[in-house]
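Student: Dropping the sequence and predicted coords here.
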Amino acid sequence: MTIAVRLAKKHQMVAVPEVAVVASMFPNAKKLELDDHPWLAVPHDPSSTFILRKLGFDCPSPIVHHTFPGSRPPFETQLKTVSHLIMNQRAYVLNAMGTGKTKSALWAWDYLYSKGLTGKLIIFAPLSTLHVVWGAEIMDTIPHRSWVILHGTRAKRHELLNRRDIDIYIINHDGHKIIQKELNARVDIKHVVIDELAIYRNSGSPRSKIMAQYCKLVQWVWGMTGSPIPTSPVDVYAQARIVNPKLVPDFFRLFREQLMYKINDFKWVPKPNAVDKAFQALQPAVRYTLDDVVELPELVVPPLMYVPMGPKQKILYEELYKHAHSLYEQKVITAANAGGIMNKLMQIAAGWVYSTQGDIAALDNTPRIDALIDAIEGTGNKILVFATFKHATDGIASALANAKYEDFAVVTGDTPIRERNDIFTLFQQSDKYRILIAHPQCLAHGVNLTRADTIVWFNPTTNLEIFDQANQRIRRVGQKHKQLILRFQGSPVERHVYNLLDRKQNTQVSLLDLFRQST
């Protein structure tokens, strides 16, 4: 049973009944008389709140006094997430994709930093999200804080880390090892946020070991992931060793024996309570889904998600674009033949392109594959992945198989009707096929796939009708969840196509428009 308190928002104080244990913990508390009973007025801050809660008092979060910076105030679920974080130096945010956990973490750190309760912040995140997600959210949420992305050559990273006038440092997961020694020496960086924590699920990897060692040196560590057990319940072990190692054994072998049955030297299967035990290891945690965010509309469509091209992709794209632009200025390219060049540019941006001999050349599109895996791991429900080239759907399937994903299916124009229908039926009416990779034209009409609540456009289609119809596959009667549509882009031609689709315009002559604009 918890004991009620009284909140004085005007003075940012909380009144509690005067008992010996409270008087001893707060010797400077002001004495009051309320309803003919003695009370004590205690400052309503995180430290006092933590103590009062431990003593059994129902003390609200001190965040109720805070005025949030940024373009809009937090949603209710974000406010609860912020409250959870400021009360726990070691904590997890397991909120689903689209619930605004990035903003929540930034608001929570900013509150603690403004109170002098923590130090500077370093954020570890996927390379594709450093600028377009974290940088953009800092500018929108806490624009008064300075930030820098630690990326580039070793010398460049060292130079940027040595800037002492910065509040927030952002770095990709694997960039840590490059500046490990220098980062360990920065005692003023006392706060760590790890985005997509599940990337550290292999406890034996150098990446996980380095992060676990570093997090022992800092006061605050918050791990964020929407999918903490993407392959097995024991995935949580390495994550727990990083954030809150007190809740798991010192050795992985012991943890695995607690959660899994050994079938043979190569195969372990989960015990009936394995998932429950896994989540017990990830505490204290908060978890909200899109359905919990009552302020959100039914459909969430974030801004275009920028995913950079690989070096070879970028060189090939720029060479073709310059050549095409030269032909345009010579009036060789017209509306009649622009489509072929646009398709070639979009193939390059997606990561697979037909050579002059008709073979398929795989380009270095690792950032886009990584962004797709982040999206898959960020949702607990089924997901549709649209790619507008046959060789791209095959390439995505191969990449997911290499990443140890097994529960997916592929549907293209080459898929026989009967097999296609079987896949749709199993996807919609059973737990089989968590991921469906498809050419959008194959799903443009009539198919009900409401078991999925997330769509990823790996690259855009130029057909407005197909784009609208494909998105409607999850927005139909029977949908029980809020929906999320993510759109990947890493090139001017893709951005231009998406912009035309948003404006409900036909894209047939969009390449010519793009050339006109650049001219």
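Tutor: Done, it's in.

Student: quick one, strands of the stretch 51-200 of the chain?
Tutor: Using DSSP state E, counting those that start in this stretch, the strands of the stretch 51-200 of the chain run over residues 57-58, 90-93, 120-125, 147-149, 168-172, 189-195.

Student: Same check on the stretch 401-519 of the chain?
Tutor: For the stretch 401-519 of the chain, applying DSSP E, counting those that start in this stretch gives strands covering 408-411, 435-438, 452-457, 483-489.

Student: any chance of those strands in CSV, plus mean pLDDT?
Tutor: Formatted as CSV, the strands of the stretch 401-519 of the chain follow (pLDDT from 0 to 100):
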stretch, mean pLDDT
strand 408-411, 96
strand 435-438, 97
strand 452-457, 96
strand 483-489, 95
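
Student: so which of these gets nearest residue 44?
Tutor: Relative to residue 44, the nearest member of these by C-beta to C-beta is strand 483-489, separated by 36.5 Å. (Glycine included, C-beta is placed from N, CA and C.)

Student: Could you name the helices and strands sitting against that closest one?
Tutor: Contact partners of strand 483-489 among helices and strands, from 3 or more C-beta pairs under 8 Å, 6 or more residues apart in numbering; DSSP states H and E: strand 299-300, strand 305-306, helix 366-377, strand 452-457, helix 492-502.

Student: Please state the offset of it from the chain centre?
Tutor: Distance of strand 483-489 from the chain centroid (C-alpha atoms, centre = their mean, to the nearest Å) equals 12 Å.

Student: Domains in the chain, by residue range?
Tutor: As assigned by automatic domain parsing, the chain contains the domains 3-60, 76-296, 347-518.

Student: so residue 17 touches residue 38, yeah?
Tutor: Yes. With contact defined as C-beta atoms under 8 Å, residue 17 reaches residue 38; the gap is 7.5 Å.

Student: of all the strands of the stretch 401-519 of the chain, which lies closest to residue 166?
Tutor: strand 483-489 (28.8 Å).

Student: Other residues contacting that closest one?
Tutor: For strand 483-489, the external contacting residues (C-beta atoms under 8 Å, 6 or more residues apart in numbering) are 97-98, 290, 298-302, 304-307, 349, 368, 371-372, 375, 379, 453-460, 471, 474-475, 494-495, 498.

Student: From these, keep the buried residues only.
Tutor: Among the contacts of strand 483-489, those classed as buried by 16 or more other C-beta atoms under 10 Å are 97-98, 290, 300, 304-307, 349, 368, 371-372, 375, 379, 453-460, 471, 474, 494-495, 498.

Student: so can I have CSV of the strands of the stretch 51-200 of the chain showing distance to residue 208 and mean neighbour count?
Tutor: Output for these, formatted as CSV (distance: least, C-beta to C-beta, whole Å; neighbours: other C-beta atoms under 10 Å):
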stretch, distance to residue 208, mean neighbour count
strand 57-58, 38, 16
strand 90-93, 16, 25
strand 120-125, 12, 24
strand 147-149, 23, 18
strand 168-172, 15, 23
strand 189-195, 11, 23
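
Student: Dump the ones you listed into CSV; add mean pLDDT and distance to residue 395 as well.
Tutor: Output for the strands of the stretch 51-200 of the chain, formatted as CSV (pLDDT from 0 to 100; distance: least, C-beta to C-beta, whole Å):
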stretch, mean pLDDT, distance to residue 395
strand 57-58, 88, 55
strand 90-93, 96, 32
strand 120-125, 97, 25
strand 147-149, 96, 28
strand 168-172, 96, 23
strand 189-195, 97, 26
